[in-house]
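S.K.: Pasting the sequence and the predicted coordinates here, then a few questions.
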Amino acid sequence: MNTAEILKFAIDLVAVLLLALGIKGLSKVRSAREANRLAAVAMGLAVIGVLVNSLGTTGIAAEAWIWIILGTLVGGSLGAMTAQRVPMTSMPETVALFNGCGGMSSLLVALGVAIFPAAAAAGEAGGGLVEDISIVVSVFVGSITFTGSIVAMAKLQGWLSTPPWMQSKARHAVNIALAVISLIAAVELGRHGDNSSALWLLVIGSGLLGIGVTLPIGGADMPVVISLLNSYSGVAAAAAGFVVGSQLLIVAGAMVGAAGLILTQVMCDGMNRSLVSVLFGGALGASSASGGGGEYTNITSCSAEECALTLEAAERVVIVPGYGLAVAQAQHTLREVTRVLEAGGIEVTYAIHPVAGRMPGHMNVLLAEADVPYEQLKEMDVINPEFPATDVVLVLGANDVVNPQAKTDTSSPLYGMPVLDVQEARTVFVVKRGMSAGYSGIKNDLFELANTSMVFGDAKKVLGDLLVELKELGIGKKG
Amino acid sequence: MSFLSEALWVLLLGSLLGLELIGKVPPTLHTPLMSGANAISGITMLAALTLIIKAGDNIPLLAMGAVALGFALFNVIGGFLVTDRMLAMFSRKSARRKDTNS
C-alpha cells in the first residue's frame, strides 16, 4: 500500500461509519435532519477517497476529468432542480424516479465492464468467475430496478394504467417465461463472460420482468413496491461493488438493501398485506365477494352546513386524514379549518394510521408542511382508547383504515388489519367523493352505522365549504 | 480468492448492520427514511467514477461511465435534497414551538 491507498482506506472507514450513523439517525425524529446531512457528507468523502486513490496510483487522465465533470454537472443539477420543485404530495413518484436512476447507473457500470472487459480489467475482482457473476447480478437487479421504478412512477402519476390482460392469470405465465429467459441468459453469461447476445437477452429479459411484475400492482400497494425496489437498488449497488472491487460500495449497498427490506415489511404489516400477495396477488377486489360485499343500505348523507353545526357544538374533534386528502392536496385547507375550530376552544387532534397518505409516514410530512403542530398528531395505539370520549370524528378520504370489519368479521379479507376505532365516537362524518370502495374493494360497514353521516365531495372542496360555514357561524371569533 | 471471501464477509456484516440499524422507526419517518436510504443507494456513483478513471482513451466506455455517473448523481443529490426538504418541515415546526413556550 502506498500513501494514497492508505489514505483512501482511512477515508472509506470514516465514510462507512458516517453512513451507518446516518441511517441510524434517520430513524429518530430529533436527529433525522443532521443524520441526512451526515450521510451526504459520507458520500462526498467516499468520492474524495476514490479520487485520492486514483491520483496517487494510476493518475486520472485529463480526458477522464472532462467526462467526470460533465456527468456530475448534468446529473447533479437535474437532481437538485427536481428535488426543489416537486410538490410534497408527489413524494412517492419522486422517490421511485430517483430509485430507478440509481438502478440504471448500476446497470450501465456492469454493462460497461461486460462490453469492454479489457479496458476495465484493472478491476481488483481480478476477472474470472467472480466478476462474471457480479456482472450478471448487477445487470439483472439493475435492470429490474430501473424498469420497475419507472413503471411505478408512471402509474402513480396516472400516466399508465394496467391493461386488462395484465390483471388476468396470464401475466404469471408471461412473467415466469421472462424469468426463465433471464435465468438462461444469466447462466450462459456466467459460463462465457464474453457472450454479447446473452448479455442483451439478460438486459431485455430482466427489464421486461420488472415491467411485468410492477404493472399489475394497484396504486395503493405501490409504496410497498417502491420500498422493495429501493432495497433492490441497494443490492444492485453492492453487486456493482463486486464488479469494480470496492468494499465501501458493498457495505453501503448491503446496508441499504437490508434496511429497505425491513421498511418494506413494516409497510406490509401496516396494511395487513403480505409481500407475496402484494407482488403476486394482484387486486384484492377480485375476492371481495366473500368479504361481505354488496350494496349499501341505510346511508345517511348531509351537507357541509350540517357538519359545521355539529362541529361547532363539539368539544373534542379528531381528524382522520387519508389517501383522499393527500390526492386532493387539501392539507392546507384542513389546517385553516382546524385553526378556526381551535380558536373556538375546540380540542383538535389528528389520528394518523401507520399507512395514511400515499405511503407510510407521508401524511405526517403533508401535515407538517401545512404547519400542524407535531404533538397534535396521534398514532393509532394512542388515539384508539380516546375515541369513546370524542364528540366528532372527521374522516377525510380514508376508507379501509376505518373499517370496523377488520375487528368484527373474521371472514373479511381485512380481518386482522389494525384500524382506527372511529365508530366509538359520538358522531362520525365521512368526507368522500362517492360510495366507491377503498383499494381493498371491500364494503365499509362504518358508512351504514347510525352515528355516521356521509358528506359527499372532493376533500378540498368540502373543507372549503366547511370553512365558509364555520366562519358564518361566527365560531372562533369569540375566542 | 481473497477479494471474494473478504467481500462476502463485508456483504454479510453490512446486511446484518442494515437490519439492526432501523429496527424501530416511528411512522412519521418512514417516508424520509425511504428517501434517505434511496439517496445512499446512489453510492453506485463510486463504481461509475472508477469506470471512467479506468477507461483510458476508450470513448464509448467513457461516455457510458459519464451517463452512469449522471444517473447516480441525479439519485444522490436529488435524494438528499428532497429528504432535507421533508425533514426541514419537522424541525421548523419544533423550533417555533420552543419560541412559543418561552
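M.R.: Received the coordinates, thanks.
S.K.: quick one, what contacts the residue positioned nearest the centre of chain B?
M.R.: The centre of chain B sits closest to residue B:40, judged by Cα atoms, centre = their mean, with a distance of 0.8 Å. By Cβ atoms under 8 Å, 6 or more residues apart in numbering or on different chains, the contact set of residue B:40 is A:19, A:22, A:23, A:39, A:43, A:234, A:252, A:255, A:256, B:79. Any C-beta I mention is one placed from the backbone N, CA and C, and that applies to glycine too.
S.K.: how close does the residue sitting nearest the centre point of chain A sit to residue A:159?
M.R.: Ranked by distance to the mean C-alpha position of chain A (Cα atoms, centre = their mean), the top residue is residue A:223 at 3.5 Å. Counting by Cβ to Cβ, to the nearest Å, the gap between residue A:223 and residue A:159 amounts to 17 Å.
S.K.: How about residue A:17, nearest residue that isn't a chain neighbour?
M.R.: Nearest residue to residue A:17, sequence neighbours excluded (Cβ to Cβ, 6 or more residues apart in numbering or on different chains): residue A:42, at 8.0 Å.
S.K.: May I see the buried residues of the helix or strand encompassing that neighbour?
M.R.: Following DSSP states H and E, one finds residue A:42 within helix A:32-56. For helix A:32-56, burial by neighbour count (16 or more other Cβ atoms under 10 Å in any protein chain shown) applies to A:32-33, A:35-43, A:45-47, A:49-54.
S.K.: name the helices or strands packed onto it?
M.R.: helix A:3-25, helix A:247-271, helix B:30-40, helix B:45-54, helix B:59-101 (3 or more Cβ pairs under 8 Å, 6 or more residues apart in numbering or on different chains; DSSP states H and E).
S.K.: With distance to residue A:176 and mean pLDDT added, can I get these in a markdown table?
M.R.: Formatted as a markdown table, these follow (distance: least, Cβ to Cβ, whole Å; pLDDT from 0 to 100):
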| stretch | distance to residue A:176 | mean pLDDT |
| --- | --- | --- |
| helix A:3-25 | 35 | 90 |
| helix A:247-271 | 23 | 86 |
| helix B:30-40 | 29 | 90 |
| helix B:45-54 | 31 | 91 |
| helix B:59-101 | 30 | 82 |
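S.K.: which residues does residue A:326 contact?
M.R.: A:89, A:357, A:358, A:362, A:363, A:366, A:397.
S.K.: One more pass at 10 Å, please.
M.R.: A:88-89, A:91-92, A:356-359, A:362-363, A:365-366, A:396-397, A:459 (Cβ atoms under 10 Å, 6 or more residues apart in numbering or on different chains).
S.K.: where does it land on pLDDT?
M.R.: On pLDDT, residue A:326 comes in at 82.
S.K.: backbone phi and psi for it, please?
M.R.: The phi/psi pair for residue A:326 (degrees, to the nearest 10) reads phi -60, psi -40.
S.K.: tell me the domain boundaries of chain A?
M.R.: Here the domain parsing of chain A from automatic domain parsing is A:1-85, A:89-282, A:304-472.
S.K.: Indicate whether stretch A:260-280 makes contact with chain B.
M.R.: Yes - applying Cβ under 10 Å from any Cβ of the partner chain, one finds stretch A:260-280 in contact with chain B at A:260, A:261, A:262, A:263, A:264, A:266, A:267, A:270.
S.K.: list the contacts for residue 20?
M.R.: Looking at chain A here, since you left the chain open. Residue A:20 touches A:38, A:39, A:42, A:251, A:252, A:255, B:14, B:17, B:18, B:20, B:21, counting by Cβ under 10 Å, 6+ apart.
S.K.: oops, chain B please
M.R.: With contacts defined as Cβ under 10 Å, 6+ apart, residue B:20 is in contact with A:20, A:24, A:255, A:258, A:259, A:262.
S.K.: Quick check: buried residues in the strand or helix carrying it?
M.R.: Using DSSP H and E, the element containing residue B:20 is helix B:2-21. Within helix B:2-21, the residues that qualify as buried are B:4, B:7, B:10, B:11, B:14, B:15, B:17, B:18, B:19, B:21, counting by 16+ other Cβ under 10 Å.
S.K.: Mind putting the domains of chain A into a markdown table with distance to residue B:48?
M.R.: Listed next are the domains of chain A as a markdown table, based on distance: least, Cβ to Cβ, whole Å:
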| stretch | distance to residue B:48 |
| --- | --- |
| domain A:1-85 | 7 |
| domain A:89-282 | 6 |
| domain A:304-472 | 29 |
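S.K.: Those domains: which one's closest to residue B:25?
M.R.: domain A:1-85 (4.3 Å; Cβ to Cβ).
S.K.: coming back round to it: relative to residue A:302, which of the helices and strands packed on helix A:32-56 is closest?
M.R.: Smallest distance to residue A:302 across those (Cβ to Cβ): 30.3 Å, for helix A:247-271.
S.K.: Report the backbone C-alpha coordinates of the next helix or strand after the closest one in PDB.
M.R.: Using DSSP H and E, the next helix or strand after helix A:247-271 towards the C-terminus is helix A:275-280. C-alpha atoms of helix A:275-280 as PDB (Å, rounded to 0.1, in the frame of the first residue of the first chain):
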ATOM      1  CA  LEU A 275     -45.300  -9.200   0.500                       C
ATOM      2  CA  VAL A 276     -46.200 -12.200  -1.600                       C
ATOM      3  CA  SER A 277     -49.800 -11.100  -2.000                       C
ATOM      4  CA  VAL A 278     -48.700  -7.600  -3.000                       C
ATOM      5  CA  LEU A 279     -46.400  -9.000  -5.700                       C
ATOM      6  CA  PHE A 280     -48.400 -11.800  -7.000                       C
END
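S.K.: Show me where the stretch 51-200 of chain A dips below the pLDDT cut-off.
M.R.: For the stretch 51-200 of chain A, applying pLDDT under 70 flags the ranges A:118-128, A:165-167, A:193-194.
S.K.: again, only this time at 50
M.R.: Applying pLDDT under 50 to the stretch 51-200 of chain A flags residues A:122-125.
S.K.: That one: helices as residue ranges?
M.R.: For the stretch 51-200 of chain A, the helices defined by DSSP state H, counting those that start in this stretch occupy A:62-85, A:91-115, A:117-120, A:128-157, A:164-167, A:170-191, A:196-214.
S.K.: Same list (those) but as CSV, adding mean neighbour count and distance to chain B.
M.R.: Listed next are these as CSV, based on neighbours: other Cβ atoms under 10 Å in any protein chain shown; distance: least, Cβ to the nearest Cβ, whole Å:
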stretch, mean neighbour count, distance to chain B
helix A:62-85, 17, 3
helix A:91-115, 29, 4
helix A:117-120, 17, 5
helix A:128-157, 25, 5
helix A:164-167, 13, 26
helix A:170-191, 16, 14
helix A:196-214, 21, 13
